[in-house]
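Asks: Turn this into a structure:
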Amino acid sequence: MDQTKMAQPRYQAIKEFIYRQIREGVYLPKSRVPTEQQLTRMFEVSRMTVNRALRELVGEGILIRRQGVGTFVSDIQAESPLLEIRNIADEVRARHHVYSNLLHSLETVIADQLIAGRLGLQPGATVFHSLLVHFENGVPLQLEDRYVNAQIVPDYLQQDFSRSTPSQYLSSAFPLSELEHIVEAVAPDARVQELLGIDSHEPCLLVKRRTWSNERLVSCAYLIHPGSRYRLSSRTSAVASSPG
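Replies: Numbering: from 1, shown residues only. Got it, this is the predicted structure:
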């Protein structure tokens, strides 16, 4: 028998089982997981061991407990830092959830006045465009509508975004030197509703992002999130000022 498995604490084995069931879509957001009594029988352990596993999963935000009702998989409420860029695939996996995406468009387009202005180009310039939806446990989490300066990133259309996200590729090939975020609350239009699987009453969070590398404006992106599934956070250190 594998010595690593022999050494693994039983409560950890229960946690790994639940992680795996969530990753594989067996336990969906808001669905109920087995009871303490059921897990006790499944793993042939004490109820105290099961309780520890569930308690830690609740503490990690993976599960939620409802008194007198049961234990459920947390509804997805992703959180990203406002003042930096993190690869959304890494964020999802860090929560022990399953990341996937669906590419809807990867093409060359002619920049209109709005997109040209956002990229610091002249209207009519050739730019690259990608449109994809990022999923967490099969649930749409973010619609990414991105435009890229074709002169700076000539190989953009050759990338396989099923293997790495646009953000991951750009951050690796063109190290970030400056970042701009503009956040707005928006109502989803019909296109956004269809792509994110939401209705017209779902408020959305729109992040308008521009990134620079070595003082060159590389990309502008419109990142749309269902408000019930996403939030942004920011934490800064206060700088004391001298009186007078």
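Asks: so what does the helix or strand containing V92 touch, helix or strand wise?
Replies: Here V92 sits within helix 88-94, counting by DSSP states H and E. With contacts defined as 3 or more C-beta pairs under 8 Å, 6 or more residues apart in numbering; DSSP states H and E, helix 88-94 has these neighbours: strand 78-81, strand 99-110, strand 126-136, strand 139-149. Just so you know, the C-beta spots here come from the backbone N, C-alpha and C atoms, and that holds for glycine as well.
Asks: Least confident of those, on average?
Replies: Lowest mean pLDDT within the helices and strands packed on helix 88-94: strand 78-81, a mean of 57.
Asks: just to revisit the earlier point, which residues outside the helix holding V92 are in contact with it?
Replies: The contact list for helix 88-94, computed with C-beta atoms under 8 Å, 6 or more residues apart in numbering, reads 78, 80, 98-99, 101, 134, 136, 141-142, 164-165, 167-168.
Asks: Could you single out the nearest of the residues you listed to G59?
Replies: Distance to G59 across the contacts of helix 88-94 (C-beta to C-beta) is lowest for A78, with 17.8 Å.
Asks: List the contacts of stretch 157-170.
Replies: 85, 87-89, 101, 103, 106-108, 128, 130, 132, 134, 144, 146, 148, 153, 156, 172, 211, 218-219, 221.
Asks: Spatially central residue for this protein, please.
Replies: Nearest residue to the geometric centre of the chain (C-alpha atoms, centre = their mean): I88, 3.9 Å.
Asks: Quickly note the distance from that one to R23.
Replies: 16 Å (C-beta to C-beta, to the nearest Å).
Asks: Who are the contact partners of F72?
Replies: 30-33, 63-66.
Asks: again, but for I18
Replies: Taking C-beta under 8 Å, 6+ apart, one finds 27, 33, 53, 57, 62-63 in contact with I18.
Asks: List the backbone torsions phi and psi for it.
Replies: phi -70, psi -40 (degrees, to the nearest 10).
Asks: distance of it from V139?
Replies: In terms of C-beta to C-beta, I18 sits 18 Å off from V139.
Asks: ok, now A187?
Replies: 20 Å.
Asks: More neighbours: the two, which one.
Replies: For A187 versus V139, neighbours defined as other C-beta atoms under 10 Å are more numerous around V139 (17 against 11).
Asks: On the strand side of things, show who that one bridges to.
Replies: E136 (DSSP bridges).
Asks: isn't it right next to P29, touching?
Replies: Yes. Contact criterion C-beta atoms under 8 Å: V139 and P29 qualify, at 6.3 Å.
Asks: ok, back up a step: which of the contacts of I18 are buried, as a ChimeraX select command?
Replies: Buried subset of the contacts of I18, written as a ChimeraX selection, criterion 16 or more other C-beta atoms under 10 Å:
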select :27,33,53,57,62,63
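Asks: Which one of the contacts of I18 is nearest to G227?
Replies: Scanning the contacts of I18 for proximity to G227, where the rule is C-beta to C-beta, the winner is I62, at 21.6 Å.
Asks: phi, psi of that closest one?
Replies: With angles defined as degrees, to the nearest 10, I62 sits at phi -80, psi -40.
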